[in-house]
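1. Sequence first, predicted model second:
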Amino acid sequence: MKQLFCFLILLFCMSFSYEALAQEERATPKSGEGISGFLQRNGRTGKAYYQEFLELNKKQLRGKEELRLGVKYLLPPLKKGSGNTAASSNSSASNSSASNSSARSGNKTIREPLFGKSLAEVKVTGNRLQGACFYVVSGHGGPDPGAIGRIGSVELHEDEYAYDVALRLARNLMEEGAKVYIIIQDAKDGIRDDQYLNNSKRETCMGAPIPLNQVARLRQRCEKINALYQKDRKSYTYCRSIFLHVDSRSKSHQTDVFF
């Protein structure tokens, strides 16, 4: 009788272990993939899955929320009634086309006058960044031109070129379904294709004059982003600030322009 009892306990433990292993699912991220995109690709969307993933993999994550290539991460168990599986999600992703992506986004159009009259209408053609929120900040602005270069009699101001790149970046992010705030703004300059960009001091921090003092200038945009984030963190699982600058180099360092 004692042997039979021990056998039943062993059988129960083996059954429990097998069930636990069967429910455990791991996956490896792709190059450049963040946690939100990684979870979405594996059929797990939403803040609850995101937080559970962080808890399950806190020992393997670099820093706080950065994935590493080649690492197999433990996926949160799928909740009943979700109707999503990693296999169906991957199959859907591999078979999708530009037209399908457009259909899923509902052909939504966003109007942003800061891009200029001809580019103010932004068609959302994808959903790769749905659920993500970005605060795009071009460096300097207002009374501070940043680095100044010269070609003949033409002065090239860093803030103008950083702003133009920031607008283009913001528009691309919007096309993929992201929520985007353009923190530094110029009501007149849109996206420009001129050989040289005209210089001005019109830029504001979302309508507020930009101070000349460096500390005050940085604090202003920091406080603006933090105020927006306090609201956005409740609606978006992925919020990031992006700052753009154009570095300068002396004549002895012949380097291509980079951002």
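-> Thanks, I have it.
2. Run through the stretch 51-200 of the chain and note the low-pLDDT ranges.
-> Applying pLDDT under 70 to the stretch 51-200 of the chain flags the ranges 62-64, 81-106.
3. gap between R192 and S248?
-> Distance of R192 to S248, given as C-beta to C-beta, to the nearest Å: 21 Å. Every C-beta, even on glycine, is put in place using the N, C-alpha and C of the backbone.
4. no, scratch that, I was asking about L228
-> For L228, the distance to S248 - C-beta to C-beta - is 30 Å.
5. Between those two, which is the more surrounded one?
-> L228 (18 against 14; other C-beta atoms under 10 Å).
6. which element is the more buried one on?
-> helix 214-232 (DSSP states H and E).
7. can you list contacts of that helix?
-> The contact list for helix 214-232, computed with C-beta atoms under 8 Å, 6 or more residues apart in numbering, reads 133, 135, 137, 142, 144, 179, 181, 183-184, 205-206, 208, 210-211, 239, 241.
8. What subset of those is buried?
-> By neighbour count, with 16 or more other C-beta atoms under 10 Å, the contacts of helix 214-232 hold 133, 135, 137, 142, 144, 179, 181, 183-184, 205, 210-211, 239, 241 as buried.
9. ok so, going back, show me the contacts of helix 214-232 that map onto helices.
-> Using DSSP state H, no member of the contacts of helix 214-232 falls in helices.
10. Sort out which one of those lies nearest L169 for me.
-> V137 (10.6 Å; C-beta to C-beta).
11. Check the gap between the closest one and V154 for me.
-> Where V154 is concerned, V137 sits at a distance of 26 Å (C-beta to C-beta).
12. just to revisit the earlier point, in CSV, list the C-alpha atoms belonging to the helix holding L228.
-> Listed next in CSV are the C-alpha coordinates belonging to helix 214-232 (Å, rounded to 0.1, in the frame of the first residue of the first chain):
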residue,chain,number,x,y,z
GLN,A,214,21.1,76.6,-21.7
VAL,A,215,19.9,75.2,-18.4
ALA,A,216,16.6,77.0,-18.6
ARG,A,217,16.2,75.9,-22.2
LEU,A,218,16.7,72.2,-21.4
ARG,A,219,14.6,72.3,-18.3
GLN,A,220,11.7,73.8,-20.3
ARG,A,221,11.6,70.9,-22.8
CYS,A,222,12.2,68.4,-20.1
GLU,A,223,9.2,69.7,-18.1
LYS,A,224,7.0,69.8,-21.2
ILE,A,225,7.8,66.1,-22.0
ASN,A,226,7.3,65.0,-18.4
ALA,A,227,3.9,66.7,-18.2
LEU,A,228,2.8,64.9,-21.4
TYR,A,229,4.2,61.6,-20.2
GLN,A,230,2.2,61.6,-17.0
LYS,A,231,-0.9,61.5,-19.2
ASP,A,232,0.4,59.3,-22.0
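13. Give me the mean pLDDT for that helix.
-> For helix 214-232, mean pLDDT rounds to 97.
14. Run the chain-centre distance for it.
-> How far helix 214-232 lies from its chain's middle: 18 Å, per C-alpha atoms, centre = their mean, to the nearest Å.
15. Next: stretch 120-129.
-> With C-alpha atoms, centre = their mean, you get 14 Å for stretch 120-129.
16. Buried residues of that stretch, list them for me.
-> 122, 124-127, 129.
17. cool, and stretch 204-221?
-> Buried residues in stretch 204-221 (16+ other C-beta under 10 Å): 204-205, 210-211, 217, 220-221.
18. try stretch 54-70
-> Within stretch 54-70, the residues scored as buried using 16+ other C-beta under 10 Å are 56-57, 61, 67.
19. These: which two are farthest apart?
-> Spatially, the most separated pair among these is L56 and L67, at 13.1 Å (C-beta to C-beta).
20. hey, what's in contact with both of these two?
-> Taking C-beta under 8 Å, 6+ apart as the criterion, L56 and L67 both touch Y73.
21. Can I get stretch 134-151 as CSV, trimmed to CA atoms?
-> The C-alpha coordinates for stretch 134-151 follow below in CSV (Å, rounded to 0.1, in the frame of the first residue of the first chain):
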residue,chain,number,x,y,z
PHE,A,134,7.3,59.6,-29.2
TYR,A,135,8.4,63.0,-28.1
VAL,A,136,10.6,64.3,-31.0
VAL,A,137,12.9,67.2,-30.0
SER,A,138,15.2,69.0,-32.4
GLY,A,139,18.2,70.6,-30.8
HIS,A,140,18.7,74.3,-29.9
GLY,A,141,16.2,76.6,-31.6
GLY,A,142,14.8,80.1,-30.9
PRO,A,143,17.7,82.4,-29.9
ASP,A,144,20.2,79.5,-30.0
PRO,A,145,21.2,78.4,-33.5
GLY,A,146,23.5,75.7,-32.3
ALA,A,147,26.6,74.9,-34.4
ILE,A,148,27.2,77.2,-37.3
GLY,A,149,28.9,76.2,-40.6
ARG,A,150,29.6,78.2,-43.7
ILE,A,151,29.6,77.6,-47.4
